[in-house]
Each structure stands twice: as structure tokens, then as C-alpha cells.
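>>> Predicted model follows, preceded by the sequence.
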Amino acid sequence: MLRRSFFARTVHEVAPDLIGVTLLVDGVGGPIVEVEAYDPEDAASHGFRGQTPRNAVMFGPPGYAYVYRSYGIHWCLNFVCAAPGRAEAVLIRALRPEHGVDAMRERRGLEAERALCSGPGKLCQALGITRAQDGLALDEPPFELFAPESGPPLAVGPRIGITRAVEQPWRYGLAGSPFLSRRF
DNA sequence: ATGAAGATGAAT
DNA sequence: TTCATCTTCATC
């Protein structure tokens, strides 16, 4: 199991290391196949303009969940990294449905495994993540994180949906996975 | 009090 | 490509 100290590093080290890590929420989830990194010097990050009630968790200690509402409809899950005061976090964008697939299908109202967790909003709906999980520790229930046996092949590319003038190769994924939100 | 933008998803 | 949907935050 991952210890909270796993996240006490720069997001640029943590993000690629999360590919292949199994994420469970109340026993539902699977290996992460896609993430994105956000740091305080990044104009596209929620933390760029300073602390607000919404992004407060980003500025707290590492190893906690930062959950925010996206487009008024969806929820998105992040893992907070780096020392307190530095707003760094990894957006969890997709995972391979492995545990509790039936629960995911029920919550998503879909059958196709391919569509259950292939996007940050979909993933939260499938795992039952809402504001209720904002600020919760990642090494305590309902969360469970398991390191992979070996480092999987990584794909790297620019992030998705970033309209600001920030173009960096900060999206990481499991190369060739059919469960990505988008091909690299 | 008001407005504009947004780390998306699903349908067309 | 379009649009639903509404919170968040900045501004007035």
C-alpha cells in the first residue's frame, strides 16, 4: 500500500509514478492509466491565483484528496503533492475497471467497460466520488492505493482541455491502454 | 448583485 | 461541433 509520504515530492515525480497504481474507493476501482500534473507556476492550475475556499486542500499537506466540481456537472479527483503551502496536485483522469465493475455500471448507467472510467468526470461517477471525499486522507478508508509490481510503459503528452498558454508534456498514461480518455 | 469562464461528457 | 449545467471567483 502507498504511504502518505509517497506524495511528499514534486508533482512531476509523483504523476508518472501513479500510472499502474491501483485506486480503490470502498473497494471499487482499478489501476490508474491516465493522470495530469499541476503546479503553482502553472497558469492553468487552480492554485495559480492563490488559495480560495474551493482549492484550499491543494495548499494543505500531501497525501490528501482534492475534489472539485467541473463545468457545474462533474466531479474531478486530485491527489495533493509536495509540502504544505505549495499547491501541487495530480488529476486522476482514467483507470482500468477491475474491481466492483457492476457497481460502476450501475452508477454510470452504462455497460461498456471502455466508457466507465475513461475521463476524470466519468471516473468520479463510477467510483462514487463527490465533495464528500474532498480533504480525505488517501491512506485511510474509503481510499486504498496499491503500488504496481513493476513500472508500466509510459506515454507522455500535453494536457487536455487547457486553453491557457501553457503547453507542457504533463499528461501521463499507460501506453496503448484502451481505457484512456484520449489517445496519446 | 452580477457575469464570465471552466482540468467535461454525451449526443449529433 | 454543440450544448447542457452551475459553481467559483472576481468585479462592480
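Yep, that arrived. Numbers count the residues shown, from 1 in each chain, chains lettered A, B, ... in the order given.

>>> residue ranges for the helices of chain A, please.
A:11-17, A:101-108, A:120-127 (DSSP state H).

>>> Buried residues, the first one. List them.
The reference is to helix A:11-17. Within helix A:11-17, the residues that qualify as buried by neighbour count (16 or more other CB atoms under 10 Å) are A:Val11, A:His12, A:Val14, A:Ala15, A:Pro16, A:Asp17. C-beta coordinates here come from the backbone N, C-alpha and C atoms, glycine included.

>>> May I see those organised as TSV, with pLDDT and distance to A:Asn55 added?
Formatted as TSV, the entries for those read as follows, by pLDDT from 0 to 100; distance: CB to CB, whole Å:
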residue	pLDDT	distance to A:Asn55
A:Val11	96	14
A:His12	95	19
A:Val14	97	18
A:Ala15	97	18
A:Pro16	96	23
A:Asp17	97	23
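
>>> got TSV for those, with distance to A:Ile92 too?
TSV is the format used below for the buried residues of helix A:11-17 (distance: CB to CB, whole Å):
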residue	distance to A:Ile92
A:Val11	13
A:His12	16
A:Val14	12
A:Ala15	10
A:Pro16	13
A:Asp17	13
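
>>> Would you reformat the helices of chain A as TSV and include distance to DNA strand B?
Output for the helices of chain A, formatted as TSV (distance: least, CB to the nearest atom of the strand, whole Å):
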stretch	distance to DNA strand B
helix A:11-17	10
helix A:101-108	6
helix A:120-127	3
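
>>> between these, which one is nearest to A:Gly157?
The closest of those to A:Gly157 is helix A:11-17. By CB to CB, the value is 12.2 Å.

>>> any idea how far the closest one is from the chain center?
11 Å (CA atoms, centre = their mean, to the nearest Å).
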